[in-house]
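>>> Quick one, fold the following:
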Amino acid sequence: EPASWDPAQAHVGHMLQPFQAAYDTLLLREPDGTLAPMLASEWGYTDDTKTVLSLELRTDVTFSDGAPFDADAVVANIEHFKVDNGRQAAQAAAIETVTAVDADTVE
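All right, here's what the predicted structure looks like:
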């Protein structure tokens, strides 16, 4: 049983499976290491230095309570991961900023 259902507290080890059943990710890492669409339908770097990643989000997704899945939700979740001091906070700390460009795009 997970100690918390807050995804910011998820452990990527043996406790990852319960979280994968409950939460979708922006991208899916395939067994061969390649990335596949999940909640983001397209992605790519917008600059030559590869420091700004743009994600185009699916528009046909809602949360279980009916709230829309949009760029604002992605920003709120990433900011939560950065400040919640969970097991993934160190990885999220590398993200300098996250911005909703429009309802369906995040950089």
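
>>> okay, now Pro31: neighbour count?
5 (other Cβ atoms under 10 Å). The C-beta positions use only the backbone N, C-alpha and C, and glycine is treated the same way.

>>> for stretch 2-21, which positions count as buried?
For stretch 2-21, the neighbour count (16 or more other Cβ atoms under 10 Å) marks 7-10, 19 as buried.

>>> among those residues, which are in strands?
With DSSP state E as the criterion, strands contain none of the buried residues of stretch 2-21.

>>> which of those has the weakest pLDDT?
The member of the buried residues of stretch 2-21 with the lowest pLDDT is Ala10, at 71.

>>> Among the buried residues of stretch 2-21, which pair sits farthest apart?
The most widely separated members of these, counting by Cβ to Cβ, are Ala8 and Phe19 (10.5 Å).

>>> Residues contacting stretch 18-33 from elsewhere in the structure, which ones?
2, 5, 7, 10, 35-40, 43, 55, 57, 61, 74 (Cβ atoms under 8 Å, 6 or more residues apart in numbering).

>>> how about 6 Å then?
Residues from elsewhere that reach stretch 18-33, judged by Cβ atoms under 6 Å, 6 or more residues apart in numbering: 2, 7, 10, 35-36, 38-40.

>>> What's the end-to-end length of that stretch?
21 Å (Cα to Cα, to the nearest Å).

>>> re the thing from before, please produce JSON lines containing the contacts of stretch 18-33, extended by secondary structure.
Formatted as JSON lines, the contacts of stretch 18-33 follow (DSSP: H, G, I helix; E, B strand; the rest coil):
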{"residue": "Pro2", "secondary structure": "coil"}
{"residue": "Pro7", "secondary structure": "helix"}
{"residue": "Ala10", "secondary structure": "coil"}
{"residue": "Leu35", "secondary structure": "strand"}
{"residue": "Ala36", "secondary structure": "strand"}
{"residue": "Met38", "secondary structure": "coil"}
{"residue": "Leu39", "secondary structure": "coil"}
{"residue": "Ala40", "secondary structure": "strand"}
